[in-house]
Every structure is written in structure tokens, then in C-alpha cells.
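> below: sequence and its predicted model.
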Amino acid sequence: MDPQQLRTFVTVVRLGSFSEAARALGFTQSAVSQQIAALEADLGTVLLGRRPVGPTEAGARLLEHAAPLLVRLDAARADVARLAGTPSALLVLGATPLAVGAALGSALADVRREYPRLDLVVRVLPPQALPAQVATGEVDLALIDGLAAPSDPLPLPEVGPLGTVAVGERPLAVALPAGHPLAGRAGLALADLSAARWLDAPDLAPDAARLRAATAVDGFRPAARYLGTDVRGLLALVAAGHGLVVLPAPAAEGAAGVVAVPVREPRLVHRTELVHGSLPEGPAALLARLLAG
């Protein structure tokens, strides 16, 4: 299966048009049609309906495989390039919103002292996007956080030969409005809150599916969806009674109108990991050593 044909197929499906795919890829429309025809001949089946343009049943199945296959190809290219290249003065760090903290700032200051002309870029992105960006070289390394059992690794997608290092674990808390009946508790079992109103904040907090899996209890239905990375805005919604949310305890504390009650059951923590590919000596390797130490 030719990788370029596969990329062309994915682009045609994404844009729903042979002509739009040709413009996006810099090909002629006939070249795109030829690549799709060659891919269909290779696999022995029709992959795309033409009017309207869309995947057949076989094409939809191929699409499920295509994204991880292409990510792994890009990851292999980036991994080899990292080993073959020279250390760069550019450091691109990916981080989830709650992973940026004082420890990172201190470590970056040490890296700058070692590399005074360092060109630093920090990209704050949702956790689901970062492993693939590390694998393909879009970021040099990433700090990713999430829900985990104590000392257990985060469940990251398989996108290439990535290394992970634990950076820290923090206790979890449920953020409640100050007037909530349970706001005075010393600790809470998440299962007892399964029927409550919840906020779905995919870039900041575990979603309903993760909470159900952790508690083995159905529920945790979101009453509102928060698409953003500003914790203060999320906690303002909690204070106004729009729903509850689970956050690392330090992030949930101190907001006006919000009480952070520790999660006692199940035994879970907010875990942060450093995720990286191969790291030739340079700013990224130094930062990895500092954060891991």
C-alpha cells in the first residue's frame, strides 16, 4: 500500500471532493483520481463513491486504519531525523493546560542558562493531541496530565516508540459550589456523585466515560460543555451551579464560591508525565533530565 495514495485517499474523504483534495495536495485532479484508482486496484475493491464523494463500507474500514498508519510513518521519519540531525537551538514544548507550573518554569530557566540563545516555544494543547505531535516531531517533548491510579502510567495512545517519565502526582478534588450540601465533607466517593450535574471540560478534566470506568458506576451525565483551557472560567461555572468537575486539588482551591473536597474513593491521582521520542544532546534532552530528576 503506497503511503502517498493513502494520504490522498484520506484527504479526499476529509474534503469530500477530488478537486478540493487536488488543490490541498498540490496535484492535478487527474493525478488524484489516478492515485485513488491505483489504491482501489491494489486492494481489489471500490473505496470511494463518486456522486456524492464519500467512503464505501470498505473505504470507511480503511479510514479507521489510515490515521494511525500515517502517524506511525511520520513518527518514523521524525525519529530518524532527530538522530541524524544536529542539536537545535529551537525547543518546542507541548503541554496540557494543567501541566504548566512552577517546576517547569524553573527547569526552563536552567535550560536557558545552558543555552542562552534558545528559541523557546510552548504550545498548550489538549492531552489527546500531544502524543502524536511528539511522535511526528511537531513538538520536541510534552508534559501530559490525566487521571490515574497511584504509580500507574497514563493510558496514552500507541503512536510510536515514545518514552515516558513520571514528573509528579497530585491529589484530586471535586469542585463544588460553596452552598452544595456536600461542601463541608472531609472527603467524597465519586460514585456517590454519579447522579449529580457535571461539567464536561475535555481539555481540563476527566470526562464522563473516564469517571464511569474509574468508579464502575453509570452516570456522570454532563449538564454543560466547557471548551477552553481557562480553569478560572470553568470554576466560575461551578460556583454558579452549572455542574461539578474533578480537578487536581491545587487547581480547584481558592476560587470564589467554590469548595474543593478531596476525592477519597476510588484511589486516584492527577498524574503528569513527560513524553518524548529519541533525544539527541541539546535543550530538549537537558529539559527532560531536569524534569525527570
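Looks like it arrived, so ask away.
> didn't residue 268 look like it was pressed against residue 149?
Yes. With contact defined as CB atoms under 8 Å, residue 268 counts as touching residue 149 (6.3 Å). Glycine gets a C-beta too; all of them are placed from N, C-alpha and C.
> quick one: which of those two has more around it?
Set residue 268 next to residue 149 and count neighbours by other CB atoms under 10 Å: residue 268 wins out with 23 against 12.
> which residues touch the more buried one?
Residue 268 makes contact with 147, 148, 149, 150, 172, 214, according to CB atoms under 8 Å, 6 or more residues apart in numbering.
> among these, name the buried ones.
147, 148, 172, 214 (16 or more other CB atoms under 10 Å).
> got a pLDDT number for the third one?
The confidence metric pLDDT takes the value 95 at residue 172.
> tell me how far the closest residue to residue 207 other than its chain neighbours lies from residue 210.
Counting by CB to CB, 6 or more residues apart in numbering, residue 207 lies nearest to residue 200, which is 6.1 Å off, once chain neighbours are set aside. Here the criterion is CB to CB, to the nearest Å. By it, residue 200 lies 11 Å from residue 210.
> what's the answer for residue 196, then?
Counting by CB to CB, the separation of residue 196 from residue 210 is 16 Å.
> swap in residue 15?
32 Å.
> which of the contacts of residue 268 lies closest to residue 249?
The closest of the contacts of residue 268 to residue 249 turns out to be residue 172 (CB to CB; 6.4 Å).
> how distant is the lowest-mean-pLDDT helix or strand in the chain from the center of its chain?
Every helix and strand in the chain was compared by mean pLDDT, DSSP states H and E; the lowest is helix 57-84, with a mean of 76. Centroid separation for helix 57-84 versus its chain: 17 Å, with CA atoms, centre = their mean, to the nearest Å.
> pull the residues that contact the helix or strand following that helix.
Following helix 57-84 in sequence order, the next helix or strand is strand 90-95 (DSSP states H and E). By CB under 8 Å, 6+ apart, the residues outside strand 90-95 that reach it are 104, 108, 111, 115, 118-125, 130, 133-134, 138-144, 283-284, 287.
> among the residues you listed, name the ones in strands.
119, 120, 121, 122, 123, 124, 141, 142, 143, 144 (DSSP state E).
> lowest pLDDT pick from the residues you listed?
For the ones in strands among the contacts of strand 90-95, the pLDDT minimum is residue 119, 84.
> that older thread, which of the buried ones among the contacts of residue 268 lies closest to residue 29?
Distances from residue 29 to the buried ones among the contacts of residue 268, taken by CB to CB, are shortest for residue 147, at 47.0 Å.
> burial count for the nearest residue to the closest one once chain neighbours are set aside?
Excluding its sequence neighbours, the residue lying closest to residue 147 (CB to CB, 6+ apart) is residue 206, at 4.5 Å. The local packing of residue 206 (other CB under 10 Å) involves 23 other residues.
> quick one: pLDDT of residue 206?
91.
> over to residue 148?
89.
> need the helices for this structure, in chain order.
3-15, 18-25, 29-43, 57-84, 102-114, 130-135, 208-215, 231-239, 249-252, 283-292 (DSSP state H).
> how about the ones you listed in a markdown table, adding distance to residue 260?
Shown next, in a markdown table, are those (distance: least, CB to CB, whole Å):
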| stretch | distance to residue 260 |
| --- | --- |
| helix 3-15 | 42 |
| helix 18-25 | 47 |
| helix 29-43 | 53 |
| helix 57-84 | 37 |
| helix 102-114 | 19 |
| helix 130-135 | 26 |
| helix 208-215 | 17 |
| helix 231-239 | 9 |
| helix 249-252 | 4 |
| helix 283-292 | 26 |
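> buried deepest among those helices, which one?
Most buried of the helices of the chain by mean neighbour count (mean count of other CB atoms under 10 Å) is helix 130-135; its value is a mean of 23.
> what bits of the stretch 1-150 of the chain have low per-residue confidence?
Residues of the stretch 1-150 of the chain that meet the criterion pLDDT under 70 lie in 75, 77-79, 81-89, 102.
> may I see the buried ones among the contacts of residue 268 arranged in TSV, with distance to residue 4 as well?
Shown next, in TSV, are these (distance: CB to CB, whole Å):
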residue	distance to residue 4
147	39
148	39
172	46
214	42
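> so which of the residues you listed are in strands?
Filtering those for strands - DSSP E - leaves 147, 148, 172.
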